[in-house]
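In: need a structure here:
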Amino acid sequence: GVLEAHKNGFRFRSVLGENIVIMYHNIRLSILQESKRETIALIHFYLEKPIKINNKPTNNITFYKQVVESAVDTSMRSSMSEQSELAEDERESKLRKKINNEFKEFCRAVMDLQATHPNVPKFEMPVRKLSFYGVPEKSRVLLMPTLSALISVTEAPPFVLIMEDIQLAIFEHKDINMRTFDLTFIHHNWENSDNQSSITQITTIDDEYYSKISDWLQALNIRFYTQKSNIDWKKALPTLRKNADDFRTFEGWDNFLAESESEDEDNDNTDDQAFDPDDEEYGDDDDDDEDEFDEDAPDSDEDEGEPEEPDSDEEDDWDANERKAQLYDSRHAKRFEDD
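Out: Reported below is the predicted structural model:
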C-alpha cells in the first residue's frame with residue numbers, strides 16, 4: 001500500500017482498500033529501521049492510545065517493505081553456481097540500498113514539516129552497536145536501544161520500552177558462575193499499577209552483554225542494582241505497595257534489595273551447613289571400616305616395655321587390620337580429592 005504524511009497525521013491505504021489514520025499527537029515514538037541483516041526495512045509507530053486495526057486495538061503499527069525473501073532465496077542458492085550467487089548478492093545489495101533510501105527520504109520529508117507543524121514526530125533509529133539478545137516475551141530476539149527507548153520491532157509481537165517510564169533497573173541472577181542473567185525494569189508509578197504494568201522483564205541475556213547494558217543505563221542516568229538470584233515479584237510487589245512511602249527515595253530500594261540478597265545468602269549458607277560428610281545420614285560403608293580400625297588398633301601407651309612377640313593368631317589379626325587401614329586410607333583419600 002501507500003503511506004502518506006498530511007498536516008495532522010499519516011494515512012495508509014492498502015491495495016485491498018483498507019484505510020488507517022494515525023494522528024501525529026497520538027504517536028509517542030516513531031522508529032526508522034533500515035535493513036542491514038534483516039529481510040525488511042520498516043517504519044514503526046508506538047502510540048499513546050491504541051487504535052483499532054482489523055477490529056483489534058493496538059499500540060504498535062509497523063509499515064515495512066520486503067528486501068529479500070529469505071526462504072525462497074535459500075532454496076534457490078542451493079543450486080546456484082558461485083558466479084550466480086555473487087550476482088544475486090549484488091542484486092540484493094542494490095535492492096536493499098534502494099529501499100533503505102526510500103524509507104530515509106520519506107522520514108526526512110516528514111521531519112521537514114516540523115517547522116510549520118510541531119506535532120510531526122521525529123524519527124529515531126536503533127543503535128546497533130548497543131544491541132543484545134534477550135527474551136522479552138516468549139522468544140529470543142535482538143533488542144536495540146534508540147535515543148529514548150529499547151525496541152525489537154522486526155518480529156511479532158513487537159517490543160517497545162520507553163526509558164522515561166523507568167524508575168530503576170535490576171540485574172537478577174547475576175553471578176560470576178552464571179552464563180546468563182535477567183533484567184527487570186521497575187516502572188514509575190508502580191505502586192498504583194497492576195503487576196503486569198509495574199515491571200518489564202527481559203530474561204536469558206548472555207553475560208557478555210552486562211558491561212554494554214550497564215554502561216547504557218548509566219548514560220541514561222537510570223539507577224541499577226545487581227542481585228545474585230531472582231526476586232519473586234509476584235509476591236514482592238503487593239508487599240512493597242503496602243509500604244510504598246518507604247520507596248519514594250532510592251534508600252527504600254537499597255534496603256529492600258540488600259535484605260533480599262542477605263536472605264538468599266542465608267539460605268545458601270543453610271544449605272551448605274546441612275551437608276556434613278561425617279554425618280551418619282551421609283555416611284557410606286567406608287565409615288564401618290574406620291570404626292573397626294579405631295577399635296582394634298593397638299594402644300601404644302598401654303605397655304611401655306618391650307613388646308612381646310605376637311603369636312600366629314595375633315599376627316593374623318594385625319595383618320588384617322593393616323590391610324583394612326590401607327584400604328580405608330586409599331578410599332578416603334580419593335573421596336577427599338574428588339570433594
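In: sketch out the low-pLDDT regions of this structure for me.
Out: 69-80, 262-339 (pLDDT under 70).
In: the longest strand in it is where?
Out: Assignment by DSSP state E gives strand 40-53 as the longest strand of the chain.
In: quick one: strands adjacent to that one?
Out: In the sheet, strand 40-53 lines up against strand 27-33 (antiparallel), strand 56-66 (antiparallel) (DSSP bridges).
In: may I see the buried residues of the longest one?
Out: Right, strand 56-66. Using 16 or more other Cβ atoms under 10 Å as the test for burial, strand 56-66 gives Asn59, Asn60, Ile61, Phe63, Tyr64. For the C-beta atoms, the positions are set from N, CA and C on the backbone; glycine is no exception.
In: hang on, the last one packs against Thr39?
Out: No: under the criterion of Cβ atoms under 8 Å, Tyr64 makes no contact with Thr39, lying 9.4 Å away.
In: state the distance from Arg248 to Glu191.
Out: To Glu191, Arg248 is 9 Å away according to Cβ to Cβ, to the nearest Å.
In: just Thr62 next, same as before
Out: To Glu191, Thr62 is 33 Å away according to Cβ to Cβ.
In: what does Trp216 give?
Out: Trp216 is 26 Å from Glu191, where distance means Cβ to Cβ.
In: who's in contact with Asp182?
Out: Phe171, Glu172, His173, Gln201, Ile202, Thr203, Thr204, Ile205, Asn230 (Cβ atoms under 8 Å, 6 or more residues apart in numbering).
In: pretty sure the third one contacts Leu183?
Out: Which is His173. No: counting by Cβ under 8 Å, no contact exists between His173 and Leu183, whose distance comes to 9.7 Å.
In: neighbour-wise, which of those two wins?
Out: The neighbour comparison of His173 against Leu183 (other Cβ atoms under 10 Å) goes to Leu183, with 27 against 18.
In: and the residue lying closest to the more buried one once chain neighbours are set aside, how many neighbours?
Out: Leaving aside its chain neighbours, Leu183 sits nearest to Ile202 (4.7 Å; criterion: Cβ to Cβ, 6 or more residues apart in numbering). Residues within reach of Ile202, counting by other Cβ under 10 Å, total 24.
In: which element is Ile202 on?
Out: Per DSSP states H and E, Ile202 falls inside strand 199-206.
In: what's that strand packed up against?
Out: Secondary-structure packing of strand 199-206 (3 or more Cβ pairs under 8 Å, 6 or more residues apart in numbering; DSSP states H and E): strand 132-134, strand 180-187, helix 233-242.
In: hmm, try it at 10 Å
Out: If you count contacts as 3 or more Cβ pairs under 10 Å, 6 or more residues apart in numbering; DSSP states H and E, strand 199-206 packs onto strand 132-134, strand 141-145, strand 149-152, strand 159-162, strand 166-172, strand 180-187, helix 233-242.
In: identify the residues contacting the fourth one?
Out: It refers to strand 159-162. For strand 159-162, the surrounding residues in contact (Cβ atoms under 10 Å, 6 or more residues apart in numbering) are 28-29, 31, 44-47, 59-60, 134, 136-137, 141, 143, 145-146, 148-153, 185, 187, 200, 202.
In: mark which of the residues you listed are buried, thanks.
Out: 28-29, 31, 44-47, 59-60, 134, 136, 141, 143, 145-146, 149-153, 185, 187, 200, 202.
In: got the buried residues for the one helix or strand Cys107 maps to?
Out: Per DSSP H and E, Cys107 falls inside helix 82-111. For helix 82-111, the neighbour count (16+ other Cβ under 10 Å) marks Arg96, Ile99, Asn100, Phe103, Phe106, Cys107, Val110 as buried.
In: coming back round to it: most neighbours, which of the contacts of Asp182?
Out: The most crowded member of the contacts of Asp182, judged by other Cβ under 10 Å, is Ile202 (24 neighbours).
In: circling back: now render the buried residues of helix 82-111 as a markdown table, adding distance to Leu257.
Out: Below are these laid out as a markdown table (distance: Cβ to Cβ, whole Å):
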| residue | distance to Leu257 |
| --- | --- |
| Arg96 | 46 |
| Ile99 | 47 |
| Asn100 | 44 |
| Phe103 | 43 |
| Phe106 | 46 |
| Cys107 | 41 |
| Val110 | 44 |
